[in-house]
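Novice: Prediction below, plus the sequence it came from.
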Amino acid sequence: MRSMNNPSADDLALFDTESQSHSRVPASSALESSFPAVELSKIAENESWRKEVHRPATSTHKWWAKRLGSVFRGILAAAVTEAEGDALRTYSSAVTLPGVVVFDPFAGSGTTVVEAVKMGASAIGSDINPVATLVQRQAVQRWDPAELRGAFKAVETRCRDEIDRVHRTESGETVLYYFWVTAAHCPQCDARIRLFSSHVYSQHAYPKRVPEAQLVCPECLDVQTGRYDFDAATCRNGHRFGKEGAVSRSQVTCPGGHTSKVLDALKGRVPEREMFAKLVLGNDGKKRYEPVDAFDRALYAECADLLATAEQELVLPTGRLDLGENTRQAMRWGFTEWRQFFNDRQLYSLGLLGAAIRDLDVGEAEREALVALFSGTLEFNNMFCSFKGEGTGAVRHMFSHHILKPERTPLEAHPWGTPASSGSFSTLFRSRVLRAHDYKSTPFDQVLVDGRVQRATGLSVPFDGQLVDGWPESGLTKGHDVYIRNGDSSRTDIPSESVDLVITDPPYMDNVHYSELADFFHAWLTGMKPFPGYPAEGTTRNTEEVQSADPPQFRDAISRVWKECERVLKPGGLLAFTYHQARLSGWVSIVEALADAGLAVTAIQPIKGEMSTSVTKGGKEPSNLDSIIVCRKRAEVPSGDSSPEAAALRGERLLGELRDAGVQVGVGDVKSVIRGQVLALHTLGRSGDRDGYGDGDGDGGISGLAELADSLAEASVTRLCRAP
């Protein structure tokens, strides 16, 4: 295959779809019968390690479970390709789809919308969470680069000097990071305990290669240089200490030898914090570690006073935490307000920065971009962050876990930053916003050339669509309108039978509730109003959101959205979504919801998922693959006569092809894919007994088929993963 960097006219396949009531999606698509899963998985594997580099448009702000753009481009390409056609060539060619309308009801970070826009289709992204809507808007919105840089400069002029001033040493050098430790009191003797798990507070990412490390004395907080693997050290005040700190997992031991749980020592109160060290960027351009001194403490105290004085003029977080799966741990540590996630210098500095952006008099799109950038900066500038060490990005952001996990040794970064900073407003402006702008102007893709993944330009069209905030009376114009809506996707203003393709990645049936995490950003965004109609409510939680670990609740919620998708889908159109579920009940819920919505599964294709190192949703087995579930309207699909055994063998064959091509296939992947293949028969069922494999209860029960699916999955695991 020759390079597609400069496609010829012959490579430009124009998908001519004038306005019509019936979808131009082929009656039998490559997505259903000849999907190039092996090739796309190889491309996806390459993308998965650096999604922010390969797909910058969807990386301007944090959103969870961000999907792989190459997979969704592959889904779109195969959906419009005839069964006997070359789906991979369509993926790797300059294909445009004017007039094709693509809808994503769970738009998240906007992957589907971006890939549809790049292929010249009209796109609709819908999400119930306003923070997700902000991320999607940034993913497709075009900015005037001169206006954008001018806006950035105006913000810098207004607030940078003061932010720099409060992150200085006494000699005027820049402090990149301040190191803190939390403290509690022993429940038995009331002794004060600094909650170190290790007295090495900084080491190299590859310590055996670079053994030098920074040590802290737990008694007086003196700091010194040593080795990462030291046994014992003596500080300048004569205190001798070892490497291990007072904390081991959830237990803490006080100086008197009493052991208790960390939570008991905290007594339900937000822990005390002490600043003990700083990383200075010297005037010579070199970094050095120093202990904090009287000047540092006085400067911090001044920030607390300035915060109290200027509070009414600043942008500050509002609202309280509500109990939930992902807020529970923070609340057990005593955190009740979003404001408590920040120290006073962070609140003062970020408050100045937020106010400067809030009051900008520039274009709406450019102001919104800087609001989103500010919001994204919060992820790296709060007291739930920690230090990753030398030789890597310094700041470990607060969402390295899918919960709000309090940090015992938090890291305070310089929020404006320098070129030597990690996660700062100025560095993220270059690495996120400007990179996204360049990508939208000249999109690129990952393709296979002679078996190797290469970057190719010229396959996708530049982003030139117009954002609209409602369904236009004349409909979406060919490839020029992008409709991003915030609201319940089970009730939209999209006309019936107006969408060719529904392509999405729905929430899984698990305990990661995105709204609970998104409220961290929302607490600041309500004071900045990033786009017209941004809600003023104190939380992004919504009773209609599809997010539950309870099978009946999940099934009912997602069924409402599938019914809306069935309504807006044109005759002959396709619905396809990626899914991975470790729990059998999760698969049962999803196929029951599809059947209730009048949709039938016509194919399930295993494909490379987010990351090889991820953990299966709701389980402990490593997960590498997703399933692409392809559906059509039930009335358009003949009743199937496939047996569960045949469905399981079909899944085995597809998994075997991936495994034989070198794609990692684990036990969790086999269980998920085989269960899905078998349970999909439920959506094809027979009148009176929809799945035909029920337990004889006469109500279309799926329990019998579920038991068989589980048994067949175990047998497939033995053949695919445990064979001698």
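Specialist: Noted; the coordinates are in hand. Numbers count the residues shown, from 1 in each chain.
Novice: Just the residues contacting stretch 286-304, thanks.
Specialist: 166, 168-170, 175-176, 178, 202, 214, 221-223, 225, 275-282, 343-345, 348-349, 420 (Cβ atoms under 8 Å, 6 or more residues apart in numbering). All C-beta atoms are positioned from the backbone trio N, CA, C, and that covers glycine.
Novice: are any of the residues you listed buried, and which?
Specialist: 166, 168-169, 175-176, 178, 202, 214, 221-223, 275-281, 343-345, 348-349, 420 (16 or more other Cβ atoms under 10 Å).
Novice: Looking at the contacts of stretch 286-304, which are in strands?
Specialist: 175-176, 178, 202, 214, 223, 225, 275-281 (DSSP state E).
Novice: Tell me where the stretch 51-200 of the chain has strands.
Specialist: Taking DSSP state E, counting those that start in this stretch, the strands of the stretch 51-200 of the chain run over residues 101-104, 122-127, 174-185, 192-194, 200-203.
Novice: which stretch among the ones you listed comes nearest D438?
Specialist: strand 122-127 (20.7 Å; Cβ to Cβ).
Novice: which helices and strands sit right next to the closest one?
Specialist: strand 101-104, helix 111-118, helix 130-140, strand 481-486 (3 or more Cβ pairs under 8 Å, 6 or more residues apart in numbering; DSSP states H and E).
Novice: Would you mind putting the CA coordinates of the first one into CSV?
Specialist: Spelled out, that is strand 101-104. Extracted in CSV, the C-alpha atoms of strand 101-104 (Å, rounded to 0.1, in the frame of the first residue of the first chain):
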residue,chain,number,x,y,z
VAL,A,101,-25.8,12.4,9.7
VAL,A,102,-24.0,10.8,12.7
PHE,A,103,-25.4,10.9,16.2
ASP,A,104,-23.6,10.1,19.4
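Novice: Kindly provide the distance from F230 to R328.
Specialist: 37 Å (Cβ to Cβ, to the nearest Å).
Novice: All the helices of the stretch 1-150 of the chain, in order from the start?
Specialist: Secondary structure of the stretch 1-150 of the chain, counting by DSSP state H, counting those that start in this stretch: helices at 30-33, 37-48, 51-54, 69-79, 87-91, 111-118, 130-140, 145-165.
Novice: how far off helix 37-48 does the fourth one point, in degrees?
Specialist: Computed with axes from the mean of the first three to the mean of the last three Cα atoms, to 10 degrees, the direction of helix 69-79 lies at 150 degrees from that of helix 37-48.
Novice: for the record, mean pLDDT for helix 69-79?
Specialist: Per-residue pLDDT over helix 69-79 has a mean of 96.
Novice: Kindly report the same for the fifth one.
Specialist: Averaging pLDDT along helix 87-91 gives 94.
Novice: all numbers from here: first residue = 23
Specialist: Yep, numbering from 23; the last one is helix 109-113 now.
Novice: now that helix, how far from the centre of its chain.
Specialist: 27 Å (Cα atoms, centre = their mean, to the nearest Å).
Novice: Extract the C-alpha trace of it and format it as CSV.
Specialist: The C-alpha trace of helix 109-113 is given here as CSV (Å, rounded to 0.1, in the frame of the first residue of the first chain):
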residue,chain,number,x,y,z
ALA,A,109,-13.3,-1.3,4.7
LEU,A,110,-9.6,-0.8,5.5
ARG,A,111,-9.1,1.0,2.2
THR,A,112,-12.0,3.2,3.0
TYR,A,113,-10.5,3.9,6.4
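Novice: which residues touch that helix?
Specialist: Helix 109-113 has contacts (Cβ under 8 Å, 6+ apart) with 35, 52-53, 56-58, 61-62, 95-96, 99-100, 102-103, 469-470.
Novice: looking at this, L680 is in a strand?
Specialist: No: using DSSP: H, G, I helix; E, B strand; the rest coil, the assignment for L680 is helix, not a strand.
Novice: how close does it get to H502?
Specialist: On the measure of Cβ to Cβ, L680 and H502 end up 38 Å apart.
Novice: The two: which is more packed in?
Specialist: L680 (22 against 14; other Cβ atoms under 10 Å).
Novice: wait, that one sits on A59?
Specialist: Yes: between L680 and A59 a contact is recorded at 6.3 Å, counting by Cβ atoms under 8 Å.
Novice: intersection of neighbour lists for those two?
Specialist: Contact criterion Cβ under 8 Å, 6+ apart; residues shared by L680 and A59: P628.
Novice: ok, now which ones touch the nearest residue to S81 once chain neighbours are set aside?
Specialist: In this structure, S81 finds its nearest non-sequential neighbour in E74, 3.9 Å apart by Cβ to Cβ, 6 or more residues apart in numbering. E74 makes contacts with S81, S453, R454, as judged by Cβ under 8 Å, 6+ apart.
Novice: same question, M531
Specialist: By Cβ under 8 Å, 6+ apart, the residues touching M531 are S570, A571, P573, F576, Q603, R605, S607, G608, S611, I612, K639, G640.
Novice: Mind doing that once more with 7 Å?
Specialist: M531 makes contacts with S570, A571, P573, F576, Q603, R605, G608, S611, G640, as judged by Cβ atoms under 7 Å, 6 or more residues apart in numbering.
Novice: How much space separates the second one from A702?
Specialist: Going from A571 to A702 by Cβ to Cβ gives 22 Å.
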